[in-house]
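Participant: Next input, structure requested:
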Amino acid sequence: QVQLQESGPGLVKSSQTLSLTCTVSGGSITTHYYAWSWIRQPPGKGLEWMGVIAYDGSTYYSPSLKSRTSISRNTHNNQFSLQLRSVVPEDTAVYYCAVGPSLATSVVTSWGQGTRVTVSS
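Facilitator: Sure, this is the predicted structure:
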């Protein structure tokens, strides 16, 4: 079974770049047709899908975050990463990495435990 683990700083200053990495075990990030997502949940709010990197390296982003978001991968280390630029306090959230069976569905089959990130003003 695929397992995911987020890592990165828990505190970021406003205007800086938030960088998180998801380490995957029990499966390869290049396996057809898996889709590897970043999802966040601000305090007291619902889940927000941020973007995805597919098994072939193609990426897709939420329109509301596209201008500030980049998702990349390191196939050697079986990791994928999130960069969110020019952060503001409203970006404070628990950030999750997750995997689904393909880009054609929003179904997620495995989640990381989540990492809390606070953006200070």
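
Participant: Can you tell me who the most centrally placed residue in the chain pairs with across the strands?
Facilitator: The residue lying closest to the centre of the chain (C-alpha atoms, centre = their mean) is residue 38, at 2.4 Å. Taking DSSP bridges, one obtains residue 51, residue 97 as the residues bridged to residue 38.

Participant: Please list all residues in contact with it.
Facilitator: By C-beta atoms under 8 Å, 6 or more residues apart in numbering, residue 38 lies in contact with 20, 22, 49, 50, 51, 52, 71, 82, 95, 96, 97, 98. For glycine as for every other residue, the C-beta is placed from the backbone atoms N, C-alpha and C.

Participant: Using a markdown table, lay out these together with distance to residue 59.
Facilitator: Formatted as a markdown table, the contacts of residue 38 follow (distance: C-beta to C-beta, whole Å):
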| residue | distance to residue 59 |
| --- | --- |
| 20 | 15 |
| 22 | 14 |
| 49 | 13 |
| 50 | 11 |
| 51 | 6 |
| 52 | 7 |
| 71 | 5 |
| 82 | 11 |
| 95 | 17 |
| 96 | 17 |
| 97 | 14 |
| 98 | 15 |
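
Participant: confidence score at residue 79?
Facilitator: Looking at residue 79, its pLDDT reads 98.

Participant: Was I right to think it contacts residue 24?
Facilitator: Yes - with contact defined as C-beta atoms under 8 Å, residue 79 reaches residue 24; the gap is 6.7 Å.

Participant: buried stuff in stretch 30-41?
Facilitator: Buried positions in stretch 30-41, judged by neighbour count with 16 or more other C-beta atoms under 10 Å: 34, 35, 36, 37, 38, 39, 40.
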